[in-house]
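Q: starting from these lines, generate the structure:
(chains A, B and C)
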Amino acid sequence: MTVKGERPHALTDAPFHYCPGCTHGIVHRLVAEVIDELGVEDRAVGIASVGCSVFTYNYFNCDMVQAPHGRAPAVATGVKRARPDNVVFTYQGDGDLAAIGMGETVHAAARGENIVAIFINNAIYGMTGGQMAPTTLPGQVTQTSPYGRDVKSAGNPIRVCELLSSLDGVALAERVTVDSVKNVRAAKKAIKKAFEYQMAGKGYCIVEVVSTCPTNWGMTPVDALQWMRDNMIPYYPLGVYKDVGEGEQ
Amino acid sequence: MGEKVLMKGNEAIAEAAIAAGCRHFFGYPITPQTEVAAYMSKRMPKIDGVYLQAESEVASINMVLGAGAAGVRVMTSTSSPGVSLMAEGISYLAGSDVPCLIVNVQRGGPGLGGIQPSQADYHQATKSTAHGDFHILVFAPSTVQETVDMISTAFDLGDKYRMPAMVLSDGMLGQMMEPVVLPEPREPDNDSKDWAACGHGGKRKHNVVNSLYINPQDLEDLVVARYKRYEEIKENHQMAEEYLTDDAEIIIVAYGSSSRVSRSAIDAARKQGIKVGMIRPITLWPFPEKFIEKHIDHTKVFLSVEMSMGQMVDDVRLVVNGKVPVEFYGRTGGIIPTPKEVLEQIVKLNGGVQ
Amino acid sequence: MSDLNILFTGFGGQGILFTGKVMAYAALMEGKELSWLPSYGPEMRGGTASCSVCISDNTIGSPLVVNPDVLVAMNLPSLEKYENDVVPGGTIIVDSSIVHKDVTRTDVKVVRIDASRIAEENGLKGAANMVILGRLFKETGFCTAENLDLGLQKSIPAKKANLLDNNRKAISLGIES
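A: Residues are numbered from 1 along each chain as shown, chains lettered A, B, ... in the order given. Predicted coordinates:
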């Protein structure tokens, strides 16, 4: 018998609690594979945020700190400043990173804080049961935008990578998704680059993963992926919004 | 021991923290504590330390959480409105058993309030810092020298019991200069916390610094265990100074700046033959109940003197439990009571002019 | 002398806090207990400034001087504000170059010294505060001349050591006044 694939060492044996079809599992695995490939599990510290991914501290085998809602960039800053040799990443959803934690995000990015933010954008608050997020699309129905997001009163969605790419402290801002083998590979490449940039001391790196929430969107996993392709990707185009490059700065 | 020098309370806080081996400071400017941050910004880069001005007090306290979780000795300083913003982070620090030092150089409130000295954050510090069942250690210095000595104690006890510690100063103590002897500097000890999240190095299971317990029974067990630790602290670490209490029929209870005013008033009252003394709490949490209890039998009345509308007086009343009257005198909004005002209260309690 | 409570008052920029600091350091050299408390906040930027200094053989209680033994008033608003707070038998020292109004109290010693003019005529513009400190020293004898000089040295940072001689000169002028 030959082993074709193994659970990455950087993941614990704890079974994920995520809903069927949720893409958190894929992204967790990609982060863990990158940690394994770079051989940094022993010095990695992950910051779990508040939202569906709060339990990431149970899933990653590296040391973990659980941060208050939105404060992961500040907590990560504290860890990184105290332990510059640690490889520090946050794992945040759209509510955490782009609503309650936008201040901390922008300032960590502006400082060029040497951390990686893995940003899951699925246009909805999952943990609390499907409320409007800062990235909820215009017209999108959620529990707290029952008639569809009315931008006149609820405001417009935020394109995080575009916003952050204007800041000098940002080394990498890339938007990816994980709906196909090709895109999963591209996502992993982006995550790996982000970690490598941190290890080279290049500054703040964010990888935004456009994702789904079949449960709160009220769709099957397959339909959710199609809805994402049809509606989210046009609003949040995939691509590299900032990349300082491999060379010396 | 070093040379006696003159130092502002705020600068002494910073130097004392450095002497206690603190090399990590995160803060945000606010009057009347800014000298702490300014001093740190000057000193830290020269001693291989970290000084970072955060974008808000919310961010500062979470940077403190991160650095504390990573196992280093860390602090922040602020003034009253800043503590309100830090409330969330302090709750998480307490809930994650992460030690740190928070300095509150109090000013008048509520709201933007004022910038003059106040003691109106007593309840916030000792009872309602933030959501959830928890306590933090609270120390109240009354001189610059005591501030210096206390910083070290606060760090050490915080580490010992794995909880946040607060030094509750005020604008007067922060801005004033007094002679002070700085302690011998200690080397930073940032590598002895085996629970810290700083990379497992392939030598142990992963550490998780966390305050989330989704199963109520797990959370209750943890909180109960923490409260057992609090009981141990109450038993072993109550601190207070007694001043002329042996024969006192009137005992003032006052801490920090208001205790200094009270001391002047007591000296004046003693000259009139009034038997008055003072219990000066040095720890506000744990509240020095033992020091008050032992005087209930021979004292006719307690008088709590505060720069607030009456907050610590509640704790005095809880200890005295109705056995003798507990009175209150205070000024608020940034007004410091004068010794004369306090003397008038003493004379009144003594049955009026002799 | 067992207790001496001094209140220095004037405009921001006249060196009110510095004067208090020199006195505090001199008292430290003298081996006394002491405290130095400035007013702080927006009023420091050009408005009125004040500084409380307490010197004692015993532990200092309240560091805020409400009823000074000595009031130094370097401008009129300060004199008007604090004149009545001085303890009976106390001393009020005014810079008479700036304060043209008489002190109305009759139960205190009044020292009018032309400090700003004296400083300016001796090429020591801006050192009126030190002229006054010299006079305060002469009036109260709160420390030895040697400790006053040590206090001055301690109060001037090494970078500004060139200012030492001018301040010394100004203090001497105050003592001689």
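
Q: and A:Gly129, how many neighbours?
A: Neighbours of A:Gly129 under the rule other CB atoms under 10 Å in any protein chain shown: 12. Heads up, the C-betas are built off the backbone N, CA and C, glycines and all.

Q: ok, C:Met74 touching C:Ala128?
A: Yes: C:Met74 lies in contact with C:Ala128 (CB atoms under 8 Å); the separation is 7.0 Å.

Q: intersection of neighbour lists for these two?
A: Common neighbours of C:Met74 and C:Ala128 (criterion: CB atoms under 8 Å, 6 or more residues apart in numbering or on different chains): C:14, C:95, C:115.

Q: which ones are touching the second one?
A: Residues counted as contacts of C:Asp95 (CB under 8 Å, 6+ apart) are C:10, C:73-75, C:113-116, C:128, C:132.

Q: now those as a markdown table including distance to B:Met172?
A: Converted to a markdown table, the contacts of C:Asp95 look like this (distance: CB to CB, whole Å):
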| residue | distance to B:Met172 |
| --- | --- |
| C:Gly10 | 21 |
| C:Ala73 | 23 |
| C:Met74 | 23 |
| C:Asn75 | 24 |
| C:Ile113 | 31 |
| C:Asp114 | 35 |
| C:Ala115 | 29 |
| C:Ser116 | 31 |
| C:Ala128 | 28 |
| C:Ile132 | 25 |
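
Q: PyMOL command for the buried members of those?
A: Command for PyMOL, covering only those of these found buried under the criterion 16 or more other CB atoms under 10 Å in any protein chain shown:
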select buried, chain C and resi 10+73+74+75+113+114+115+116+128+132
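
Q: out of the contacts of C:Asp95, who's nearest C:Asp107?
A: Among the contacts of C:Asp95, C:Ala73 lies closest to C:Asp107 (CB to CB), at 16.7 Å.

Q: look up which residues are beta-bridged to that closest one.
A: On the basis of DSSP bridges, C:Ala73 is bridged to C:Thr9, C:Val94.

Q: contacting residues around the residue of chain A found nearest chain B?
A: Closest approach of chain A to chain B (CB to the nearest CB) occurs at A:Gly78, with a separation of 2.3 Å. For A:Gly78, the contact set (CB under 8 Å, 6+ apart) comprises B:24, B:26, B:62-70, B:74.

Q: and it, which helix or strand is it part of?
A: Assigned by DSSP states H and E, A:Gly78 falls within helix A:72-82.

Q: just the CA coordinates for the lengthiest helix in chain B, please, in PDB.
A: Secondary structure of chain B per DSSP state H: the longest helix is helix B:216-236. What follows is helix B:216-236, C-alpha atoms only, in PDB (Å, rounded to 0.1, in the frame of the first residue of the first chain):
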ATOM      1  CA  PRO B 216     -20.800  25.600  30.600                       C
ATOM      2  CA  GLN B 217     -19.500  23.000  33.000                       C
ATOM      3  CA  ASP B 218     -15.900  23.500  31.800                       C
ATOM      4  CA  LEU B 219     -16.300  27.200  32.200                       C
ATOM      5  CA  GLU B 220     -17.800  27.000  35.700                       C
ATOM      6  CA  ASP B 221     -15.000  24.700  36.800                       C
ATOM      7  CA  LEU B 222     -12.400  27.100  35.500                       C
ATOM      8  CA  VAL B 223     -14.000  30.100  37.100                       C
ATOM      9  CA  VAL B 224     -14.400  28.300  40.400                       C
ATOM     10  CA  ALA B 225     -10.700  27.300  40.300                       C
ATOM     11  CA  ARG B 226      -9.800  30.900  39.600                       C
ATOM     12  CA  TYR B 227     -11.900  32.100  42.500                       C
ATOM     13  CA  LYS B 228     -10.000  29.600  44.800                       C
ATOM     14  CA  ARG B 229      -6.900  31.400  43.700                       C
ATOM     15  CA  TYR B 230      -8.500  34.700  44.500                       C
ATOM     16  CA  GLU B 231      -9.300  33.500  48.000                       C
ATOM     17  CA  GLU B 232      -5.600  32.600  48.500                       C
ATOM     18  CA  ILE B 233      -4.700  36.100  47.400                       C
ATOM     19  CA  LYS B 234      -7.200  37.600  49.800                       C
ATOM     20  CA  GLU B 235      -5.700  35.600  52.600                       C
ATOM     21  CA  ASN B 236      -2.100  36.400  51.800                       C
END
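
Q: just checking, what packs against the next helix or strand after that helix?
A: As assigned by DSSP H and E, the chain's next helix or strand after helix B:216-236 is strand B:240-243. Contacting strand B:240-243 under the criterion 3 or more CB pairs under 8 Å, 6 or more residues apart in numbering or on different chains; DSSP states H and E are the following elements: strand B:276-281.

Q: neighbouring strands - and their directions - for the strand it packs on?
A: strand B:240-243 (antiparallel), strand B:250-253 (parallel).

Q: tabulate the CA atom coordinates of the first one in PDB.
A: The C-alpha trace of strand B:240-243 is given here as PDB (Å, rounded to 0.1, in the frame of the first residue of the first chain):
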ATOM      1  CA  ALA B 240      -2.500  48.600  54.100                       C
ATOM      2  CA  GLU B 241      -0.600  51.200  56.200                       C
ATOM      3  CA  GLU B 242      -2.000  52.200  59.600                       C
ATOM      4  CA  TYR B 243      -1.400  55.700  60.900                       C
END
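
Q: ok, and what's touching it?
A: B:263, B:266, B:277-283, B:288, B:291.

Q: between the residues you listed, which sits nearest C:Ser62?
A: Distances from C:Ser62 to the contacts of strand B:240-243, taken by CB to CB, are shortest for B:Arg263, at 7.6 Å.

Q: enumerate every residue touching that closest one.
A: Contact analysis of B:Arg263 by CB under 8 Å, 6+ apart lists B:243, B:278, C:59, C:61-62.

Q: kindly recompute the last result at 7 Å.
A: Going by CB atoms under 7 Å, 6 or more residues apart in numbering or on different chains, B:Arg263 touches B:243, B:278, C:61.

Q: related to what we said a few turns ago, taking the contacts of strand B:240-243 together, which two end up most distant?
A: Farthest pair in the contacts of strand B:240-243, by CB to CB: B:Ile266 and B:Thr283, 21.4 Å.

Q: not counting sequence-adjacent ones, nearest residue to residue 109?
A: Picking chain A for this. Of all residues not flanking A:Ala109 in the chain, A:Tyr204 sits nearest, at 4.4 Å (CB to CB, 6 or more residues apart in numbering or on different chains).

Q: oops, wrong one, chain C.
A: Going by CB to CB, 6+ apart, C:Lys109 has C:Thr91 as its nearest residue, at 4.6 Å.

Q: now do B:Ile102
A: Excluding its sequence neighbours, the residue lying closest to B:Ile102 (CB to CB, 6+ apart) is B:Met166, at 4.7 Å.

Q: that neighbour: which element?
A: Following DSSP H and E, one finds B:Met166 within strand B:164-170.

Q: where does that strand sit relative to the chain's centre, distance-wise?
A: Averaging C-alpha positions (CA atoms, centre = their mean, to the nearest Å) puts strand B:164-170 3 Å from its chain's average.

Q: would you turn the shared contacts of C:Met74 and C:Ala128 into JSON lines with distance to B:Gln311?
A: What follows is the shared contacts of C:Met74 and C:Ala128, written out as JSON lines (distance: CB to CB, whole Å):
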{"residue": "C:Gln14", "distance to B:Gln311": "39"}
{"residue": "C:Asp95", "distance to B:Gln311": "43"}
{"residue": "C:Ala115", "distance to B:Gln311": "46"}
